[in-house]
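[1] Fold the following and give me the result.
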Amino acid sequence: MTSKVSKVTFGDFHYWLPKVLTAIAIIAVSSFISCSSGNGKNQNQLLIEVPIVELKPMSITVPKTYVCDIQAVQFVEVRAKVEGFVNRIYVDEGQFVKKDQTLFQLSSNEFNEMVNSANAKLRQAQAEAKAASLEVERLKILVDKNIISPSELELARSKRAVAESAIAEAEAMLKNAKIGLSYTTVKAPFDGFVDRIPFKTGSLVTAGDLLTNITDISEIFAYYKVTENEYLQYMRTRLENEGVLDQEVSLILSNGEVYEHKGKLETMEADFERGTGSIAFRVRFPNPDQLLKHGATGKVQMEEELKDIFLIPQKSTFEIQDYTYVYILDKDNKVKVRSFKPLQRFGLFYVSDSFEQGDRIVYEGIQQVKDGIQIAPELKPEKDVYDTLVKS
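    Below is the predicted model:
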């Protein structure tokens, strides 16, 4: 089978060549214009609009809380001073008692006998001393009449001195016997509440055994520990205020309620605790309703004023391992990654002092940007950025 081949004459080629060249030129120009328009469009698309915030220094008051131990203003262990049986218990556990009110009565027969014996020895010593004094007076008359020698008078006076010293010894024995007898009656050392009573009536107690505890909770102490840096900051502020720092302290109870009475920071320990490097502060709280008990727990809360700090929205940050980062803009609106160390959290913000006034950071949409790209910044109004702060 033979194929037919079309023949093109020179005249036909001469006729079509100009038209083909013209079409090629038009296509080339159109392609150039199209490419130019496309590049410009892509460049505009790279400059994405991203909300930013311009940082300004500000002063805020932030709450600071510390775990604390609550202790009674007075807490005393009532212990037996002598051995004996518990004859009677006059109070009950949890009862409020007054100072010098009788709590326990221990057996006292042995101490009564010691008192009686000491009284007898005292009377004997007094009688002997009286007889010695009479003997001195008698011998003095005889010496004055030169009937006996003065040496006998001196001997009598020495015997009188021995008898008088025996009186002093007997009085001391009687005093000690009475003190021992008084120890059998156990009294409250101050106004307070009776704790648990481990020994019951008839129990044998020895010297040193714990009978109960007495707690005075008309006021309470709250002890909390701070770091050395916080201690130095407190002392610096105190010195700036000429040693006076009348700051009210709140107490948050274990159930989350805020105690209705405010406390006053009074004093601190003398030394830092080894190992932890912390030091304890003491706050005194009134306790008119006896709501707080010795040994309870809670948190003390106080307000701290931070000056010239920057609030960084948490939505503007991201973390890699232990570091916190933001995207910051340079003068050409190029994004740079920058790390910073937050001082603490405050609501939905990080508190930091690592920035300068006028620094611009990406406010939101940080997933859309990366280090080194140029963006079209959209400045976010300050009231919108810190709106949550105002509401809180």
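
[2] any idea how far Pro150 is from Leu291?
    81 Å (C-beta to C-beta, to the nearest Å). Glycine gets a C-beta too; all of them are placed from N, C-alpha and C.

[3] Repeat that for Ala170.
    Plainly put, Ala170 is 31 Å away from Pro150 if you go by C-beta to C-beta.

[4] Same question for Lys264.
    From Lys264 across to Pro150, the span is 76 Å (C-beta to C-beta).

[5] How about Gln290?
    Gln290 is 76 Å from Pro150, where distance means C-beta to C-beta.

[6] One more: Phe318?
    Plainly put, Phe318 is 111 Å away from Pro150 if you go by C-beta to C-beta.

[7] can you list the residues that contact stretch 117-126?
    Stretch 117-126 has contacts (C-beta atoms under 8 Å, 6 or more residues apart in numbering) with 163, 166-167, 169-171, 173-174, 176-178.

[8] Buried residues, that stretch. List them.
    By neighbour count with 16 or more other C-beta atoms under 10 Å, stretch 117-126 contains the buried residues 118, 121-122, 125-126.

[9] can you give me the offset of it from its chain's centre?
    Centroid separation between stretch 117-126 and its chain, computed with C-alpha atoms, centre = their mean, to the nearest Å, is 60 Å.

[10] can you check stretch 307-322 too?
    Distance, centroid of stretch 307-322 to centroid of chain: 26 Å (C-alpha atoms, centre = their mean).

[11] Check stretch 301-318 too.
    Averaged C-alpha coordinates place stretch 301-318 at 21 Å from its chain's average position (C-alpha atoms, centre = their mean).

[12] Now that stretch: average pLDDT?
    Across stretch 301-318, the average pLDDT comes to 88.

[13] ok, and for that stretch, which residues are buried?
    Applying 16+ other C-beta under 10 Å to stretch 301-318 flags 301-302, 306, 309-313, 316-317 as buried.

[14] swap in stretch 362-378?
    By neighbour count with 16+ other C-beta under 10 Å, stretch 362-378 contains the buried residues 362-363, 365-366, 369, 375, 377.

[15] Between the two ends of it, what distance do you get?
    Using C-alpha to C-alpha, to the nearest Å, the end-to-end distance of stretch 362-378 comes out at 9 Å.

[16] For that stretch, what does the pLDDT average out to?
    Here stretch 362-378 scores 89 as its mean pLDDT.

[17] do stretch 264-275 as well
    In this model, stretch 264-275 has an average pLDDT of 87.

[18] Which one of the buried residues of stretch 117-126 is nearest to Ile197?
    Ala118 (32.4 Å; C-beta to C-beta).

[19] Need phi/psi at that closest one.
    Here is the backbone geometry of Ala118 (degrees, to the nearest 10): phi -70, psi -40.

[20] Number the chain from 39, please
    All right, first residue 39 from here; so that's Ala156.
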